[in-house]
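Colleague: I need the structure of the sequence given here:
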Amino acid sequence: MLERRKTHIPMTQRLKPILIFGVLIGFVILFILYFIFFKNNPSGPKTEFKSKGGIAAQDFGLPSLRGDYLKLSDYRGKVVFLNIWASWCPPCREEMPSMESLYQRQKGPNFEMLAVSIDQKGAEVIRPFTVKYGLTFPVLLDPDGKTQRLYGLTGVPETFIIDKSGVVIKKIIGPQDWVKKEWLDYFDDIIG
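Modeller: As a prediction, the model looks like this:
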């Protein structure tokens, strides 16, 4: 009787196809997760639009970098661009030049921009920041994070557009290029 000889396959050769299959499955899973979490969700900032009727803007009062005390309710009758930010936040620094451009274009009897800094060191860090960026709009100091809690921020920057009657009509999470045509048209439309 012919004896059949058994060939011995080393363990590494037997595991090779299993490892290759596992790596391929891993790539497929990562590809699927990419499309679920990133491709279907725009990577840009989120914009929440006014719900029917809107919500009343919460009033607050804070000292400004110029030394006066300003209240949000003082601006009733104007469209208010309320931005809550911090100097240590890179996206906040990114949008500041376009905020200044928007302010220069829109400032007047029907529009005001208020930038509320939540920096804990207050004027000490904000004054040099405004000089560096050439900011001329009112900057309010909120080192205790009062507005952050009042408006339920999830991070900075967040911007609230408040209509002339004191209603929040838009909430924007994250930085924007405020001089893009869509934003300029939007403000021209609501300021009237």
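
Colleague: Strands of the protein, start to end?
Modeller: Using DSSP state E, the strands found in the chain span residues 46-49, 55-56, 61-63, 69-71, 79-85, 111-117, 139-141, 158-162, 167-173.

Colleague: now those as JSON lines including mean neighbour count and distance to Glu95?
Modeller: Every C-beta, even on glycine, is put in place using the N, C-alpha and C of the backbone. Shown next, in JSON lines, are those (neighbours: other CB atoms under 10 Å; distance: least, CB to CB, whole Å):
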{"stretch": "strand 46-49", "mean neighbour count": "12", "distance to Glu95": "14"}
{"stretch": "strand 55-56", "mean neighbour count": "12", "distance to Glu95": "24"}
{"stretch": "strand 61-63", "mean neighbour count": "16", "distance to Glu95": "20"}
{"stretch": "strand 69-71", "mean neighbour count": "13", "distance to Glu95": "21"}
{"stretch": "strand 79-85", "mean neighbour count": "23", "distance to Glu95": "8"}
{"stretch": "strand 111-117", "mean neighbour count": "24", "distance to Glu95": "10"}
{"stretch": "strand 139-141", "mean neighbour count": "22", "distance to Glu95": "14"}
{"stretch": "strand 158-162", "mean neighbour count": "23", "distance to Glu95": "9"}
{"stretch": "strand 167-173", "mean neighbour count": "18", "distance to Glu95": "10"}
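
Colleague: so for stretch 149-165, what's the average pLDDT?
Modeller: Looking at stretch 149-165 alone, the average pLDDT works out to 96.

Colleague: Now do the end-to-end distance for it.
Modeller: By CA to CA, to the nearest Å, the extent of stretch 149-165 from end to end equals 22 Å.

Colleague: Please renumber the chain so that the first residue is 33 from this point on.
Modeller: In the new count, where the first residue is 33, that last one comes out as stretch 181-197.

Colleague: List the buried residues for it?
Modeller: Within stretch 181-197, the residues that qualify as buried are 182-183, 185, 188-196, counting by 16 or more other CB atoms under 10 Å.

Colleague: Which one of these is nearest to Gly154?
Modeller: Distance to Gly154 across the buried residues of stretch 181-197 (CB to CB) is lowest for Val188, with 15.5 Å.

Colleague: correct me, but the closest one touches Cys121?
Modeller: Yes. Between Val188 and Cys121 there is a contact under CB atoms under 8 Å: 4.9 Å.

Colleague: In CSV: the buried residues of stretch 181-197, plus distance to Ala147.
Modeller: As requested, those are arranged in CSV below (distance: CB to CB, whole Å):
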residue, distance to Ala147
Leu182, 16
Tyr183, 14
Leu185, 14
Val188, 11
Pro189, 9
Glu190, 12
Thr191, 9
Phe192, 12
Ile193, 14
Ile194, 14
Asp195, 19
Lys196, 20
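
Colleague: Just flag the most distant two among those residues.
Modeller: Farthest apart among those by CB to CB are Val188 and Lys196. That separation is 25.9 Å.

Colleague: Sweet, I'm off.
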